[in-house]
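1. Task: produce atomic coordinates for the following.
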Amino acid sequence: MSNPQLLRLMKKTTREKASMLRMLLYAVILLLWGNTYLEAQDLPSEKVEVVSNFEARLADANKIKLEPQANIQEVKDQQFSYEVIEKVLPINYLPPTIKSIAVRTEELPQAYNGFVKAGFGYPLSPYLDAGYRMEGNDNGSNFLARLTHHSANDNNVENQRFSETAALLKGTYMSDYGFAVDGKLGASLDRNYFYGYDRSDTISYEKEDVQNRINVFELGAKIYNGTESRSKLNYWAGVNAYALANNFATRETGLNLDLGLTKWFGDNPLTIALGTDLTRLKDTTIQKLNNFFANPSFSFGTQSVRIKFGARLETSNEEYFFYPDVEVLLNVVGNNLSIFFGADGELRKNTFRMLSDYNPFLVSELSDLRNSSYYDFYAGVKGIVSGLEYSLQGGYKPTNDLALYQVNLEKPWMRFDVLYDTTNIIYFKGSIKGNIASNFDLSASAVYNIYDTKNAAEAWYLPQLQANVGVAYLAFDQKLRLKADVFVNDPVPFEDDLPFGEEPNLLLDVSLGADFFFTENVGLFLHLNNLAANNYRRWYNYPTYGLNVLGGITARF
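-> The predicted structure follows:
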């Protein structure tokens, strides 16, 4: 053992011995103090026996080795957020003055309030169309009065003549409170003649015998918001009533109510439309046909996709009908090409007024007043290319109670009854219109229907193909307008057992026209119609007019 280790061991032994001596001394002092204390007490005189002497002993002390360690914490990247309070200092400055730059504007065409177009033609056909429009104050109020007349009498065919006269008063009042009111009052006096009889017979009929006079008076009003409201809410409420009478004691009245609201959410409208259509027909009996509809719909989307989602609920004489009202529009190449598809439908009322407008040789007594119920499932494309607006569409239209026509032979002259049949229709239609060159306009349309009737052998008197093409050209600073039109209808199906043996034929009508203003306010017009002199038999034994000419004078002021 080395000297330093021996020296440390000796010092440790000396300290332990001193510590034991001190502990022994403290124990003796404590024992002596305890005896003294006990003697001072008044203890009982029992005998105390000391069993053993007290021996104090200290355990060996173990030194605890302490080795302090540094507490090192890992420092990670910390992110701090700072908030800078912006303080806007009030600065007074003069607003800049914006000065407009002179812009060359094109001169607007002169507007005319009144016009008169009057003429005469062959076969004997006077013609008149005159009107005058008055503008109110600057808020858009206006008033229009118009009178029209056209008649013709072909002396080559007995009683082949017609006369149509109509008068119309209508106007719009724009209030300063944001609402507008439209009103109209109209009357039409039509004269048709049943010239569809056997003209080889020696029997002749006076025009009064075969005359069919139909007079219609109409009254309507509508109130709506004339300006856009802050709430983006549009409303309308309209009423329209008419009364029809003819010289065969047929009387029909109709009342239509139309209510609706449209709420705009940006460019997306939510619309709720309600309406009622009441009809009363009196001839030999009285028939009523009352319809009611509710049509909620919502349109939404973007510039690329627009979707309309809605439904149409209708009721008629305690029967209920449900139709979809949905459409999807996809803009593939902006406005140049859009694809659309959808489904809709409705009840289409076959009133005497509507049917006699379509077929002027209708019987005066309708045995059955009905609705036609149809669905329309369609798809197509549309757009604008090089200034031409086009549309192509095809669809499937299942229809209940489609109105067909059949010859009624009870009278010496032919008239037509209405025949209803369930029919499935597949259709294709297209149109194009626009400006194809400077001052040169084109318009064309065509519809082709494929009928699948359930009971009738054919869709009697309904053409499958109807088409027309028209062009117009403006010259001499738009003082001269030239136009040409071509109309085509395929032969309509006739019944097989009719007495006169006429075959259906094709309509090919080529017409030319010219309007020329030789002064600012006065001009001339000339129309050459049906240059091919085609006597198209749209209705059996009722050939149309052949070549006809109409010319006259036009004035505007």
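
2. And the strands in the stretch 401-550 of the chain, which stretches?
-> Secondary structure of the stretch 401-550 of the chain (DSSP state E, counting those that start in this stretch): strands located at 415-437, 440-453, 465-475, 480-489, 507-517, 522-529, 548-556.

3. Name the residues of stretch 358-378 that come out as buried.
-> Using 16 or more other Cβ atoms under 10 Å as the test for burial, stretch 358-378 gives 359-364, 366, 369-376, 378. Where C-beta positions appear, they are placed from N, C-alpha and C, glycine not excepted.

4. cool, and stretch 453-465?
-> Residues of stretch 453-465 classed as buried: 453, 456, 459-464 (neighbour count, 16+ other Cβ under 10 Å).

5. so can I have CSV of those residues showing pLDDT?
-> Shown next, in CSV, are these (pLDDT from 0 to 100):
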residue, pLDDT
Thr453, 96
Ala456, 94
Ala459, 95
Trp460, 94
Tyr461, 93
Leu462, 94
Pro463, 93
Gln464, 95
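
6. which of those residues lies closest to Glu502?
-> Glu502 lies nearest to Tyr461 out of the buried residues of stretch 453-465, by Cβ to Cβ, at 13.2 Å.

7. so how far is Asp357 from the closest one?
-> 15 Å (Cβ to Cβ, to the nearest Å).

8. Distance check, Tyr473 against Arg481.
-> For Tyr473 relative to Arg481 (Cβ to Cβ), the value is 7 Å.

9. Between the two, which is the more surrounded one?
-> Counted by other Cβ atoms under 10 Å, Tyr473 and Arg481 do not tie: Arg481 has more neighbours, with 19 against 14.

10. Return the set of residues that bridge with that one.
-> Arg481 has these beta-bridge partners by DSSP bridges: Leu474, Asp515.

11. Pretty sure it sits against Ala472.
-> Yes: using Cβ atoms under 8 Å, Arg481 makes contact with Ala472 at a distance of 6.3 Å.

12. Next, show the common contact partners of these two.
-> Contact with both Arg481 and Ala472 is made by no residue, according to Cβ atoms under 8 Å, 6 or more residues apart in numbering.

13. rewinding a little: make CSV out of the buried residues of stretch 453-465 and add distance to Ala130.
-> Compiled in CSV, the buried residues of stretch 453-465 are given as follows (distance: Cβ to Cβ, whole Å):
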residue, distance to Ala130
Thr453, 45
Ala456, 45
Ala459, 40
Trp460, 40
Tyr461, 35
Leu462, 36
Pro463, 34
Gln464, 39
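
14. Show me which of these is closest to Ala533.
-> Nearest to Ala533 out of those is Pro463 (Cβ to Cβ; 20.3 Å).

15. The closest one against Val488, yeah?
-> No: using Cβ under 8 Å, Pro463 makes no contact with Val488, being 9.7 Å away.

16. Return the set of buried residues in stretch 346-362.
-> Neighbour-count burial for stretch 346-362 [16+ other Cβ under 10 Å]: 346-353, 355-356, 359-362.

17. Between which two of the residues you listed is the distance greatest?
-> Farthest pair in those, by Cβ to Cβ: Glu346 and Phe361, 27.5 Å.

18. Regarding Ser356, what is its secondary structure?
-> Assigned by DSSP: H, G, I helix; E, B strand; the rest coil, the conformation of Ser356 is helix.

19. Spatially nearest residue to it (excluding sequence neighbours)?
-> Leu362 (4.8 Å; Cβ to Cβ, 6 or more residues apart in numbering).

20. Contact partners for that neighbour?
-> Each residue near Leu362 by Cβ under 8 Å, 6+ apart is listed here: 352, 355-356, 415-416, 418.

21. I'd like to know how far it sits from Ala166.
-> For Leu362, the distance to Ala166 equals 20 Å [Cβ to Cβ].

22. got it, and Gly345?
-> 32 Å.

23. Give me the more crowded residue out of these two.
-> Gly345 (20 against 16).

24. and that one, what is it in contact with?
-> Gly345 makes contacts with 312, 323-324, 373-376, as judged by Cβ under 8 Å, 6+ apart.

25. For Tyr545, state which of the residues you listed is nearest.
-> When these are compared against Tyr545 (criterion: Cβ to Cβ), the nearest one is Tyr374, at 33.1 Å.

26. If I follow the layout properly, that closest one ends up in contact with Thr399?
-> Yes: Tyr374 is within contact range of Thr399, at 4.0 Å (criterion: Cβ under 8 Å).

27. Common neighbours of the two, please.
-> Joint contacts of Tyr374 and Thr399 (Cβ under 8 Å, 6+ apart) do not exist.

28. In space, what's closest to Asp509 - neighbours in sequence excluded?
-> According to Cβ to Cβ, 6+ apart, the nearest residue to Asp509 is Phe487 (4.1 Å).

29. Could you check how far the one you found is from Tyr358?
-> In this structure, Phe487 and Tyr358 are 17 Å apart, going by Cβ to Cβ.

30. gap between the residue nearest to Val363 when sequence neighbours are not counted and Asn371?
-> Closest residue to Val363 apart from its sequence neighbours, by Cβ to Cβ, 6+ apart: Arg415 at 4.7 Å. Between Arg415 and Asn371 the distance is 23 Å, computed by Cβ to Cβ.

31. Output the contacting helices and strands for the helix or strand where Gly395 lies.
-> Element membership for Gly395 (DSSP states H and E) is strand 388-408. Packing partners of strand 388-408 (3 or more Cβ pairs under 8 Å, 6 or more residues apart in numbering; DSSP states H and E): strand 371-385, strand 415-437, strand 440-453.

32. pLDDT on the helix or strand that contains Thr279, on average?
-> In the assignment (DSSP H and E), Thr279 maps to strand 268-282. Across strand 268-282, pLDDT averages out at 96.

33. got the buried residues for the helix or strand that that strand is followed by?
-> Following strand 268-282 in sequence order, the next helix or strand is strand 286-301 (DSSP H and E). Within strand 286-301, the residues scored as buried using 16+ other Cβ under 10 Å are 287, 289, 291-293, 295-297, 299.

34. And stretch 489-503, by the same measure?
-> So stretch 489-503, judged by 16+ other Cβ under 10 Å, has buried residues 489, 491-494.

35. Return the closest of these with respect to Phe557.
-> Closest to Phe557, out of all of the buried residues of stretch 489-503 and judged by Cβ to Cβ, is Asn489, at 39.0 Å.

36. Can you name the residues that contact the closest one?
-> Counting by Cβ under 8 Å, 6+ apart, Asn489 touches 463, 465-467, 506-507, 536, 538.
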